[in-house]
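>>> Return atomic coordinates for the entry below.
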Amino acid sequence: MREPIIRNGDGRKDEPAGEPAPARDDVVEEHLRPRRLSEVIGQGAVARRLAITLEAARKRGEPLPHILFDGPPGLGKTTFATVLHNELGVELSITSGAALDKKMDVMPFLTNAAERSILFIDEIHRLPRAVEEFIYPVMEDFRVDVVLGEGMAARTLNLPLKKFTIIGATTRSGMLSSPLRERFGLHEHLEFYDPEELIRIVTINAAKIRATIDPEAAWELATRSRGTPRIANARLRWARDYSLARADGAITRAVARDALEMQEIDSEGLDKQDRRYLETLIRVFSGGPTGVEALAATMNVAVDTLRDEVEPYLLRREYVVRTPRGRQATRAAYQHLRLPEPIIRPEPDPNDPQGRLFD
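Got it, this is the predicted structure:
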């Protein structure tokens, strides 16, 4: 089997993945991602289905079916693509939907694709409609339809392609058109991770970056990582740096807490921006309901930042709810910020004449 090779967006080849990497910190940190399906922690149901698909593809000698991964950022969509590429020992090309502005931008990836190779398109929902329709025959029949000439003299040239796999990743599957979504043979949704799974990830990756960590410290980092491995790895790197600068290099629970406190990350994983959102909603808008545009204007933050970065975790932890009239803080938000809950007075009965008189 050939050593797997990764092609960058400009078509250049990186070094073969099988070659030993030099023992430098920056190189070690690049390999925090698992390389084999058996090394993946979490997403158990997804991993089991992919294992069956892999085994069937090997026995048939065919490429994998086109796969679509969707879910919030940092849950492993890119990791699964690289794992599949390592398992098959084929080439992997990586690009993003935003980088493919026109048809000619995607042509090099299609014509250079090797047999059974993988083309990974991140944020595939950002593909322009013209490019999206251009790859329909690629995904179905492995051919490219090129129009030569104009007007009455125009003719269509069908260029056959080698059979390869397109893996798409998206954080907004609802923005994908139905024709594109239906052309993927597998559609896998990635869920947030349990604290136990994140503890295992933190412990394993601490060894990869040559950091000593206590089980209690791993628990502290994992429970404040929003159920997201990418955030857990970022917390781990920061705790490692903090322990080297302020302690003896070992990450204990006390060191982990001090490091996270310096980053203003509380016990529930909320950062300064999250708490500011809740405080603005409660103090300025009396807990809501209010629109996200009003919140963004008051906080002097872009609306997309609140929708994409702040609100998802607050909604998942039930600190905020969305109502037809806007965002509203829940009892849990008041309790977390240690603020007194508002007194909710019952609405007067419109059929009570005495109540209307006092009103």
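>>> all strands of the stretch 1-150 of the chain, in order?
With DSSP state E, counting those that start in this stretch as the definition, the stretch 1-150 of the chain shows strands at residue ranges 6-7, 67-70, 92-96, 118-122, 143-148.
>>> Distance to A333, mean neighbour count and mean pLDDT for those strands - can I get that in JSON lines?
C-beta coordinates here come from the backbone N, C-alpha and C atoms, glycine included. Listed next are the strands of the stretch 1-150 of the chain as JSON lines, based on distance: least, CB to CB, whole Å; neighbours: other CB atoms under 10 Å; pLDDT from 0 to 100:
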{"stretch": "strand 6-7", "distance to A333": "44", "mean neighbour count": "20", "mean pLDDT": "53"}
{"stretch": "strand 67-70", "distance to A333": "28", "mean neighbour count": "24", "mean pLDDT": "94"}
{"stretch": "strand 92-96", "distance to A333": "35", "mean neighbour count": "21", "mean pLDDT": "91"}
{"stretch": "strand 118-122", "distance to A333": "33", "mean neighbour count": "24", "mean pLDDT": "93"}
{"stretch": "strand 143-148", "distance to A333": "53", "mean neighbour count": "13", "mean pLDDT": "74"}
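>>> Select, out of those strands, the one closest to H187.
Distances from H187 to each of these were compared using CB to CB; the shortest belongs to strand 67-70, at 4.7 Å.
>>> how far does that closest one sit from the chain's center?
The chain centroid and the centroid of strand 67-70 are separated by 11 Å under CA atoms, centre = their mean, to the nearest Å.
>>> Can I get the strands of the stretch 1-150 of the chain in CSV including distance to A47?
Formatted as CSV, the strands of the stretch 1-150 of the chain follow (distance: least, CB to CB, whole Å):
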stretch, distance to A47
strand 6-7, 21
strand 67-70, 12
strand 92-96, 18
strand 118-122, 17
strand 143-148, 33
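>>> closest to A218 out of the ones you listed?
Ranking the strands of the stretch 1-150 of the chain by distance to A218, with CB to CB as the measure, places strand 67-70 first at 26.9 Å.
>>> Show me how the protein divides into domains.
The record, using automatic domain parsing to delimit domains, assigns the chain the ranges 6-189, 195-262, 272-337.
>>> okay, those, which one's buried deepest?
The highest average neighbour count among the domains of the chain, using mean count of other CB atoms under 10 Å, belongs to domain 195-262 at a mean of 19.
>>> returning to what we had before: the domains of the chain: lowest mean pLDDT?
If the domains of the chain are sorted by mean pLDDT, domain 6-189 sits at the bottom with a mean of 82.
>>> quick one: the helices in the stretch 251-359 of the chain?
In the stretch 251-359 of the chain, the segments counted as helices under DSSP state H, counting those that start in this stretch are 253-262, 272-279, 292-299, 303-305, 311-316, 331-337, 353-358.
>>> Redo those helices as CSV? Include distance to I213.
Putting the helices of the stretch 251-359 of the chain into CSV (distance: least, CB to CB, whole Å) gives the following:
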stretch, distance to I213
helix 253-262, 8
helix 272-279, 25
helix 292-299, 35
helix 303-305, 32
helix 311-316, 24
helix 331-337, 27
helix 353-358, 63
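>>> closest to L75 out of those?
Ranking these by proximity to L75 (CB to CB) places helix 311-316 first, at 11.8 Å.
>>> helices and strands around that closest one, which ones?
Contact here means 3 or more CB pairs under 8 Å, 6 or more residues apart in numbering; DSSP states H and E; on that basis helix 311-316 packs against helix 272-279, strand 320-323.
>>> would JSON lines of these with distance to L84 be doable?
What follows is the helices and strands packed on helix 311-316, written out as JSON lines (distance: least, CB to CB, whole Å):
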{"stretch": "helix 272-279", "distance to L84": "34"}
{"stretch": "strand 320-323", "distance to L84": "36"}
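>>> Of those, which is nearest A57?
Nearest to A57 among the helices and strands packed on helix 311-316 is strand 320-323 (41.6 Å), distances taken as CB to CB.
>>> From R181, how far out is the closest residue in space to H125 that isn't next to it in sequence?
Using CB to CB, 6 or more residues apart in numbering and skipping the chain neighbours, the partner closest in space to H125 is M175 (4.1 Å). Relative to R181, M175 is positioned 10 Å away (CB to CB, to the nearest Å).
>>> how big is the angle separating whichever helix or strand E220 is part of from helix 253-262?
In the assignment (DSSP states H and E), E220 maps to helix 215-223. Going by axes from the mean of the first three to the mean of the last three CA atoms, to 10 degrees, helix 215-223 is angled at 30 degrees with respect to helix 253-262.
>>> can you start the count at 30 instead of 1 from here on
Shifting the count to begin at 30 puts that one at helix 244-252.
>>> Just after helix 244-252, pick out the following helix or strand.
Per DSSP H and E, helix 244-252 leads on to helix 258-275 as the next helix or strand towards the C-terminus.
>>> and that next one, how far out from the chain's middle?
For helix 258-275, the distance to the chain centre is 20 Å (CA atoms, centre = their mean).
>>> Report the inter-axis angle for it versus helix 282-291.
Between the axes of helix 258-275 and helix 282-291, defined by the same axes, to 10 degrees, the angle is 110 degrees.
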